[in-house]
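A.B. asks: quick one: sequence plus predicted model below, questions after.
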Amino acid sequence: MATATSTCPNCGAPIEFALGSSLAKVCEYCRHTVVRSDRGLERLGQVADLALTPALIAVGDEGTLGQQTLRVLGRVQLDHGLGPWDEYFVALDGGRSFAWLAYAQGQWFITSRVDSERVPELEELALERELRLGGRPFFVSEIKRGRVVSTEGEFQELIRPGAARRYADCRGLDNAFATVDYGEVGARVSVYVGWEFPEPALELTALGPRSTHKVRATTLRCPNCGGDIPKLSGERAERVGCPYCGALSDIAEQRVISAQEQARATPAIPLGNSGLLNGASYTCIAYLRRGTSFEGEPYGWEEFLLWSQAIGFRWLVNDPETGWAFVSPVNLAELDRRALPGQLGWHGRTFQLRNQNQARVEYVLGEVYWKCSVGEATSVADYVDGDRVLSREMGNGEVFYSLSTPVPWLVLAHAFGLAPGASSSGGKKGCSWLLIAVVLVGMVAFVLLMQSCGSCSGGDGVSDGASSRGTGVFYGGK
């Protein structure tokens, strides 16, 4: 890549543009934005310090994404009122093309600007609406507003801290992903199209500067009680529920979000326990209690968040009526929603509406990948086809779909090295030899079912295992 070297017009420090075509760069020494013009370099103003967000990559890192080489050039930190997140400007194949790289809610995305058909105004959009972007159909999965907090590195466009960010994220077939960036009111709309990819497809060498805190920390410090909480998912979590005092805290801002009581019972799958499910290694990193009400009566269940570097985040749900289920995400673009609200179609199956209600977060332990809060409520509708449940969850400007498949407790107990009788948090159940025989048969059926599910859902990866998905993200050099 062509480079250009000069001095910062504010502090006089050397400043180098890695790209000859870059328009702006933040000086590493004085944190002023330096802009190129026909009169040379000009300073625009000082940017705010960056928050210590959970970051897996840094400006200056290099590596590969699939068959393309990649270099991280810039970082933009944004906030939509719940806490900051990062997006990265990257050069591909030595500067022959450029893209934006982001990690959000356990998923990796890369997008590039494209010419597109006219898009509706932001006020005209609705979740699940179909749009044509870059010549392909997409469906709106998120509509939000935020602002630019800070920047570092260099960019091909001028990004002003404090600027409004209005956007809609969209999903397409074959893991396609798009963002419609409306910018500030009256600004030109930009469309970015790309795809979601599995983490092992990205291999990076840590060449960019990192703080000592980020390099060495293996624990999270609870801002309420000062307890050291083991860091189970690396730099992937947004909030953490302290196992000592129960406080739910924001990791980046180091502040308590919700005061909770201390845990009274050990979750059925203890946090930090790892196990194999159909060849993929998962670690249990969080435990949630959620609840709702049916005809005025409270009803609750347990959710366990699993993390696998090869697969990403998955859930196990323990429902007191239906038992345990393994939960995988479903792509909005794959659904036939023409018969809503009574029916949903997916991969040739028809799912009938069973119930719909408001689900609330009541308690959180461990690390979660979103800005979770106690009392957070979402609208949930469950659709059933036999023993499978297709769920639609909507709230805070987003919509998600997921598929729940039954899994016997003995399968989970065997996978995570647990006692076969402890199937619920803090509780015990008897286990007869007849039950064991029945569940062992169920284990075989579950393996076959998960293999079928993995092949039909577009590559969940549970049945394929970790070996076919690359070697992951490298830190500190290859």
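C.D. replies: Great, that's in hand. Numbers count the residues shown, from 1 in each chain.

A.B. asks: got a list of what residue 164 touches?
C.D. replies: 145-147, 183-185 (Cβ atoms under 8 Å, 6 or more residues apart in numbering). Glycine gets a C-beta too; all of them are placed from N, C-alpha and C.

A.B. asks: double-check that residue 307 belongs to a strand.
C.D. replies: Yes: under DSSP: H, G, I helix; E, B strand; the rest coil, residue 307 falls within a strand.

A.B. asks: and it, what are its bridge partners?
C.D. replies: Counting by DSSP bridges, residue 307 forms beta bridges with residue 283, residue 313.

A.B. asks: mind checking which of the contacts of residue 164 are buried?
C.D. replies: 146-147 (16 or more other Cβ atoms under 10 Å).

A.B. asks: show only the entries of the contacts of residue 164 found in strands.
C.D. replies: 145-147 (DSSP state E).

A.B. asks: which one of those is nearest to residue 123?
C.D. replies: Checking the ones in strands among the contacts of residue 164 against residue 123 with Cβ to Cβ, the nearest one is residue 145 at 11.4 Å.

A.B. asks: so what's that closest one closest to, chain neighbours aside?
C.D. replies: Closest residue in space to residue 145, ignoring its immediate chain neighbours: residue 166 at 5.0 Å, by Cβ to Cβ, 6 or more residues apart in numbering.

A.B. asks: residue 123: what secondary structure?
C.D. replies: The three-state label for residue 123, taken from three-state DSSP, comes out as helix.

A.B. asks: any regions of the stretch 1-150 of the chain where pLDDT drops low?
C.D. replies: The stretch 1-150 of the chain contains residues with pLDDT under 70 at 1-5, 12, 15, 17-24, 29, 31, 35-46, 48-54, 83.

A.B. asks: can you add distance to residue 16 and give the ones in strands among the contacts of residue 164 back as CSV?
C.D. replies: CSV is the format used below for those (distance: Cβ to Cβ, whole Å):
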residue, distance to residue 16
145, 35
146, 30
147, 29
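
A.B. asks: thought residue 129 was touching residue 139?
C.D. replies: Yes: between residue 129 and residue 139 there is a contact at 7.0 Å, judged by Cβ atoms under 8 Å.

A.B. asks: so for these two, which residue has more residues nearby?
C.D. replies: residue 139 (21 against 14; other Cβ atoms under 10 Å).

A.B. asks: so who does the more buried one touch?
C.D. replies: Per Cβ under 8 Å, 6+ apart, neighbours of residue 139: 128-131, 170-172, 332-333.

A.B. asks: and the residues you listed, which is closest to residue 220?
C.D. replies: Closest approach between the contacts of residue 139 and residue 220, by Cβ to Cβ: residue 171, at 31.5 Å.

A.B. asks: give the contact list for that closest one.
C.D. replies: Going by Cβ under 8 Å, 6+ apart, residue 171 touches 138-139, 141, 177, 331-333.

A.B. asks: need these in TSV with distance to residue 61, can you?
C.D. replies: What follows is the contacts of residue 171, written out as TSV (distance: Cβ to Cβ, whole Å):
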residue	distance to residue 61
138	29
139	32
141	28
177	22
331	29
332	31
333	31
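
A.B. asks: can you say which of these are buried?
C.D. replies: 138-139, 141, 177, 331-333.

A.B. asks: returning to that earlier point: want to throw the contacts of residue 164 into a markdown table with distance to residue 102?
C.D. replies: Converted to a markdown table, those look like this (distance: Cβ to Cβ, whole Å):
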| residue | distance to residue 102 |
| --- | --- |
| 145 | 17 |
| 146 | 13 |
| 147 | 16 |
| 183 | 17 |
| 184 | 20 |
| 185 | 24 |
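
A.B. asks: out of the contacts of residue 164, which is nearest to residue 289?
C.D. replies: For the contacts of residue 164, the closest approach to residue 289 (Cβ to Cβ) belongs to residue 146, at 29.7 Å.

A.B. asks: ok, and the closest non-adjacent residue to the closest one?
C.D. replies: Take residue 146 and drop its neighbours on the chain: the residue closest to it by Cβ to Cβ, 6+ apart is residue 80, 3.4 Å away.

A.B. asks: any idea how far residue 368 is from the one you found?
C.D. replies: According to Cβ to Cβ, to the nearest Å, residue 80 stands 17 Å off from residue 368.

A.B. asks: out of these two, which sits in the busier spot?
C.D. replies: Using other Cβ under 10 Å, the more surrounded residue of residue 80 and residue 368 is residue 368, with 26 against 17.

A.B. asks: hang on, that one packs against residue 236?
C.D. replies: No: using Cβ under 8 Å, residue 368 makes no contact with residue 236, being 9.9 Å away.

A.B. asks: quick one on the thing from earlier: now for the contacts of residue 164: which two are most distant?
C.D. replies: The most widely separated members of the contacts of residue 164, counting by Cβ to Cβ, are 146 and 185 (14.0 Å).

A.B. asks: between these two, which contacts overlap?
C.D. replies: 164, 166.

A.B. asks: spit out the contact partners of residue 316.
C.D. replies: Applying Cβ under 8 Å, 6+ apart, the residues near residue 316 are 269, 303-304, 306, 324-327, 407, 412.

A.B. asks: which pLDDT value goes with it?
C.D. replies: If you check residue 316, the pLDDT there is 97.

A.B. asks: where does the stretch 151-300 of the chain have low pLDDT?
C.D. replies: 210-217.

A.B. asks: and the strands in it?
C.D. replies: Using DSSP state E, counting those that start in this stretch, the strands of the stretch 151-300 of the chain run over 164-171, 176-181, 190-197, 202-205, 219-221, 228-230, 239-241, 248-250, 255-258, 274-277, 280-294, 297-308.

A.B. asks: make TSV out of these and add distance to residue 376.
C.D. replies: As requested, the strands of the stretch 151-300 of the chain are arranged in TSV below (distance: least, Cβ to Cβ, whole Å):
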stretch	distance to residue 376
strand 164-171	20
strand 176-181	24
strand 190-197	24
strand 202-205	30
strand 219-221	20
strand 228-230	21
strand 239-241	11
strand 248-250	10
strand 255-258	9
strand 274-277	27
strand 280-294	9
strand 297-308	13
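
A.B. asks: how about the strands in the stretch 1-150 of the chain?
C.D. replies: 4-7, 14-17, 24-26, 32-37, 40-46, 62-65, 68-79, 84-92, 97-104, 107-114, 130-133, 136-155.

A.B. asks: roughly how far apart are the spatially most central residue of the chain and residue 236?
C.D. replies: Centroid check for the chain by Cα atoms, centre = their mean gives residue 105 as the closest residue, at 1.4 Å. Taking Cβ to Cβ as the criterion, residue 105 is separated from residue 236 by 10 Å.
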